[in-house]
Each structure stands twice: as structure tokens, then as C-alpha cells.
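Chemist: quick one, structure for this:
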Amino acid sequence: MQVFTSVVVFGIVFGVFIITDVNSYKQRKVNSMISIARVIGANSVSSIQFQDPEAAREMLEELHSVTPEIIHAAITNRDGQLFASYSKPGEKAIKIPTLLKRKAFAFKDLQLFVSNPIMSNKEIIGNVYLEVQLSELQQIKQYKYELAFILLFVALIFSFLIAMVVQSYISNRLLKLVNSMKKVGKTGEYTKPLEEDGKDEIATLIQAFNHLMEQIQESQRKKDEFIGIASHELKTPLTSIKGYIEMLNLLEKEQPKKQFVQKALGNVNKLERLVKDLLDVSKIQSGQLQLNMEEFNIDELLDETISAAQSLSGSHQIVREDHLDGEIVYGDRQRIEQVLLNLLSNAIKYSPGEKKVEVNSEKTEKELIIKIRDYGIGVPAEEQTNIFERFYRTKDISIHISGFGLGLYICRDIINRHYGKIWVESAGKGSIFYFSLPLKHSLTSQQTEALNP
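Modeler: The predicted structure is shown next:
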């Protein structure tokens, strides 16, 4: 766009330059020919008065040597009749254009026509007419066009080079802004404003973006604060309610009253898990989620967690297909159990109508990988990264399945704090969720210190 604008501007400037130069040449030629016509008129007074056309014709013929571009010249008397004329060799006889009866000069193609009255005692006794061939004008135009083309080409090159430099400066700043927007949309990190010292429109846009990030960050802070306060306030009465309902469940023997109590207890347990998740989210956001690091047997944890998940599910069979021979890992046992329970419950919840969930494990030189596979609805490829974000739930499918989109977010944070990785693969039917834990000997000294503050 900058190069195009430059070309248009230069084209207009060079066009005006050529037109002005050509008009200047024409005006100079008009003034010169009128001066010659006046001289001829002054010298023709006596010839007209004494009716000596031969003398007038000889004077006109001398124009060939003085001004060779004049191809026709004529003198008329006061009645407009031709008195004497001259035509350049090879040219036809002069034809005085009618428009010269109203004008002192006129242009037609590459020809100039000039008319000037012959005066004697302030009385018009005749007229001088000249027809001039402007062959030089064509040469001037061609030269100006060639010069303008060369200058335009040079200007275009310089404009392109300057535009590249300017465009690079502008594009880098815009791309920096775009990349920051993408990063914010992907990570939800609103705490890193862009630096911009300029005063142009892009700087204004970046300032508006930074201001928007500040507003979002403040809104996030208030929301996290509300979640934390609400979760703490709900925890105590919920614990009390759960205790009373559990007591009723033990005391009540009559149906269907006992069934109603059990349903109430089940819903209280769901609410309790939600409050725990909200508390964990609040701790994650405030950086207060602590890990109690210890060495523990991952085989035992897997078996215990699978048994606990199996007892809560009457629709699916959870199958562990291998063992790790009592492998010892270093981490927070309770938090790893929380991750396993969440992934197993999701595998059951998102595979309605199926009967099987598989658990596999694999050990490499540096890490331990746990795989949990279901044969359910799967995760679309475009959502496989987003599902680990806070409050994110898969589109269309999630409206039929309860949840708040917190479990995988908490799992990701727990695994990341262990310096592991968590990801999902889904192709065709079902999904496989993976998470890895680094073996203790593969942790660096800085990582070990961070895990044991």
C-alpha cells in the first residue's frame, strides 16, 4: 500500500511537471511567433499601401532561413483577400483556419497558428498569418516522458526499500501484539503487559491492550477471591450437613426413607468434591497449593486408587494390564491419587454405554508414564489442548454431562508442579490420557530444592 501510494503521488507530480513544461514551451513559442508576426506586419505596411505583393512575398520567403519551423506564412489586405504568401518547399498552399478570426493563436495537433493585425495610423490595413510546425514539441514530450519514467522507476525502488524498512518496523510491532494476544488466549496469562515507547496508532493500540489486560487481571483477581471466600465459607456447614446425613443413613432402616437419605448423601458428596476443587483452584491461583513430597510405592497407589474408583462405579470394569514391580517414586502421594481418581472418573463418565477402562504404565530411563484409556466419546483434536484450561468443557457433549471444568485444570497444575507432563490422545473411538512423573534421579538440584521449600 505504501509503494502504491508513492507511485500514485510520483505519477501525479511527474504528470504535472510534464504538462507544465510543455505548456511553458508552447507559451514561449507563441510569444516568439507573435513577435515575428509583428515584425512582418510592420515591414509590410508600405508593400500593402503601394500594392507591391512581390516585395511582400520576398520578405516572407526570407522566413525560411530565419525560422525554418514556419511552414506557411500569408499577408491579407483589409478585405481579407490574400495579398502575399509563402509555403515551405514540399508543403501545400496555406489554409487559414477560421478559428484565427477570433483568436490570436491556436494549436492543432503539432501545429501552431498565429494571427497578428497590420496597423497604419491606428487603422487595420491587413493581417499576418503564420503556421508553425512544432516538431520540437514531440521531441520535448518524448524526452520528458523518458526522464519521468526513469525518475519514477528510481523513486519506486527507493519507495520499496523505505517501505520494507517501515513495514518491518510496523509489522514486527503488530506481530508482537498479535502473538501476545494468542498467548493470552492460550495460557490465560494476563500479568505481562507489552512494552511500547512510541506515540503512534500502534502504541495507542498496545496501550489499550495493556489496559484491557489490567482490567481482566483485576476481574480475575476478584473472581478468584470470591471463589476462595465462598469455598471456605461453604466447607464448614457442608461438613456439618454431611455428618448429620451420614448419621441419618445409619439410623434409618425403613424404605423408601433410607433411599432418600442415600440420594441426599450422594449429592452432598458431589458438592463436597466441588468445594474441594474450588479450594484447590483458589490455592493454585494464589500460589498456596503445597506439595508434601515423599517416596512411595506407585504400584500400591495404582491398585488402591483403581479399587476405590471401582467401588464407586457399577457400570465399568477398570482393568490394570501391567505392574511396575514395586516402583518407588518421589512426589505428593495424596495429590497423585487425586489425579488418578479424576482421570478414572472422567474415563467412566465420558464413556457411557461402555464397560471397560484400561490402566497401563511404562517406565523409561528418566520418567514413569501412566496411561488411562476409555472407549467413549473422545476429545476433538481442536480441543485437546483447551480441555486442561480452567472452567473449559468440551462443546456440545458437555451439556449432557455434569461438571465445572476444574478437574483437568487441577490435574495439570499438580503434574506440572512435579515437573511432569499431562496430555491426551484421541483418534476414532475413546481417549487416552497420559501423565508422566520424573524419576527422582532425573531431577536436577534446582527442581529438588523447589519441591522441598
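Chemist: dump the residue contacts of residue 57.
Modeler: 84, 85, 86 (C-beta atoms under 8 Å, 6 or more residues apart in numbering). Just so you know, the C-beta spots here come from the backbone N, C-alpha and C atoms, and that holds for glycine as well.
Chemist: strands of the stretch 301-450 of the chain, start to end?
Modeler: Assigned by DSSP state E, counting those that start in this stretch, the stretch 301-450 of the chain shows strands spanning 317-320, 328-331, 356-363, 367-374, 421-425, 431-438.
Chemist: relative to the whole chain's centre, how far out is the last one?
Modeler: Shown here is strand 431-438, whose average C-alpha point lies 36 Å from the average C-alpha point of the whole chain (C-alpha atoms, centre = their mean, to the nearest Å).
Chemist: residues near residue 68, how many?
Modeler: Applying other C-beta atoms under 10 Å, we find 11 residues neighbouring residue 68.
Chemist: what does residue 204 give?
Modeler: Residue 204 has 12 neighbours, counted by other C-beta under 10 Å.
Chemist: distance from stretch 73-87 to the middle of the chain?
Modeler: For stretch 73-87, the distance to the chain centre is 76 Å (C-alpha atoms, centre = their mean).
Chemist: try stretch 124-144
Modeler: 58 Å.
Chemist: do the same with stretch 70-77
Modeler: That offset, for stretch 70-77, works out to 71 Å (C-alpha atoms, centre = their mean).
Chemist: then stretch 144-152?
Modeler: Using C-alpha atoms, centre = their mean, the offset of stretch 144-152 from its chain centre is 37 Å.
Chemist: please enumerate the strands of the stretch 51-200 of the chain.
Modeler: Counting by DSSP E, counting those that start in this stretch, the strands of the stretch 51-200 of the chain are 70-77, 82-87, 105-108, 111-120, 123-133.
Chemist: the longest one: which residues count as buried?
Modeler: Okay, so that is strand 123-133. By neighbour count on 16 or more other C-beta atoms under 10 Å, the buried set for strand 123-133 is 125, 126, 127, 128, 129, 130, 131, 132, 133.
Chemist: and it, what other elements does it pack with?
Modeler: helix 2-43, helix 45-49, strand 70-77, strand 111-120 (3 or more C-beta pairs under 8 Å, 6 or more residues apart in numbering; DSSP states H and E).
Chemist: tell me the angle the last one makes with strand 123-133.
Modeler: Between the axes of strand 111-120 and strand 123-133, defined by axes from the mean of the first three to the mean of the last three C-alpha atoms, to 10 degrees, the angle is 160 degrees.
Chemist: residue nearest the centroid of this protein?
Modeler: residue 178 (6.5 Å; C-alpha atoms, centre = their mean).
Chemist: separation between that residue and residue 203?
Modeler: 15 Å (C-beta to C-beta, to the nearest Å).
Chemist: where are the low-confidence patches of the chain?
Modeler: Along the chain, the parts satisfying pLDDT under 70 run over 1-3, 97-99, 101, 167-170, 185-193, 196-198, 395-403, 428, 453.
Chemist: now for the buried residues of strand 123-133: which two are most distant?
Modeler: Farthest pair in those (C-beta to C-beta) is 125 and 133. Separation: 28.5 Å.
Chemist: residue 106 is nearest to which of the strands of the stretch 301-450 of the chain?
Modeler: strand 421-425 (86.7 Å).
Chemist: returning to what we had before: nearest to residue 230 among the contacts of residue 57?
Modeler: Once C-beta to C-beta is applied, the member of these that ends up nearest residue 230 is residue 86, at 110.9 Å.
Chemist: which one is that closest one nearest to, not counting chain neighbours?
Modeler: Spatial nearest neighbour of residue 86, chain neighbours left out: residue 60 (3.6 Å); criterion: C-beta to C-beta, 6 or more residues apart in numbering.
Chemist: that neighbour touches residue 40, doesn't it?
Modeler: Yes. Here residue 60 reaches residue 40: they are 7.2 Å apart, a contact under C-beta atoms under 8 Å.
Chemist: overlap of the contact sets of these two?
Modeler: 73, 75.
Chemist: by contact count, what packs against the longest helix seen in the chain?
Modeler: In the chain, assigned by DSSP state H, the helix with the most residues is helix 135-187. Here helix 135-187 touches helix 2-43, helix 201-251, going by 3+ C-beta pairs under 8 Å, 6+ apart.
Chemist: redo those helices as TSV? Include distance to residue 336.
Modeler: Converted to TSV, those look like this (distance: least, C-beta to C-beta, whole Å):
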stretch	distance to residue 336
helix 2-43	58
helix 201-251	22
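Chemist: how about those, which one is nearest residue 309?
Modeler: Nearest of the helices and strands packed on helix 135-187 (C-beta to C-beta): helix 201-251, 20.5 Å.
Chemist: quick one: distance of the closest one to the chain centre.
Modeler: The mean C-alpha position of helix 201-251 is separated from the chain mean by 34 Å, C-alpha atoms, centre = their mean.
Chemist: tilt between it and helix 135-187?
Modeler: Using the same axes, to 10 degrees: helix 201-251 against helix 135-187 is 20 degrees.
Chemist: just the angle between the following helix or strand past helix 201-251 and helix 201-251, please?
Modeler: The C-terminal neighbour of helix 201-251 among helices and strands, as given by DSSP states H and E, is helix 257-286. Counting by the same axes, to 10 degrees, helix 257-286 lies at 150 degrees to helix 201-251.
Chemist: chain center to helix 257-286: distance?
Modeler: For helix 257-286, the distance to the chain centre is 45 Å (C-alpha atoms, centre = their mean).
Chemist: how about stretch 338-351?
Modeler: 40 Å.
Chemist: so what touches that stretch?
Modeler: Here stretch 338-351 makes contact (C-beta under 8 Å, 6+ apart) with 301-302, 305-306, 308-309, 312-313, 315-316, 318, 357, 359, 370, 372-377, 397, 401, 403, 407-408, 410-411, 414-415, 422, 430-431, 433, 435.
Chemist: and the buried ones among the residues you listed, selectable in PyMOL?
Modeler: Entered in PyMOL, the line below selects the buried ones among these, by 16+ other C-beta under 10 Å:
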select buried, resi 301+302+305+306+309+316+318+357+359+370+372+373+374+375+376+377+403+407+408+410+411+414+415+422+430+431+433+435
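Chemist: let me see the contact set for the residue lying closest to residue 130 once chain neighbours are set aside.
Modeler: Distance criterion C-beta to C-beta, 6+ apart; nearest residue to residue 130, sequence neighbours excluded, is residue 114 at 4.3 Å. Each residue near residue 114 by C-beta under 8 Å, 6+ apart is listed here: 30, 33, 34, 37, 100, 104, 105, 128, 129, 130, 132.
Chemist: hmm, 6 Å instead?
Modeler: 33, 34, 37, 105, 130 (C-beta atoms under 6 Å, 6 or more residues apart in numbering).
Chemist: pick the one among these closest to residue 5.
Modeler: residue 105 (39.7 Å).
Chemist: does the closest one touch residue 30 like I think?
Modeler: Yes. Using C-beta atoms under 6 Å, residue 105 is in contact with residue 30, at 5.0 Å.
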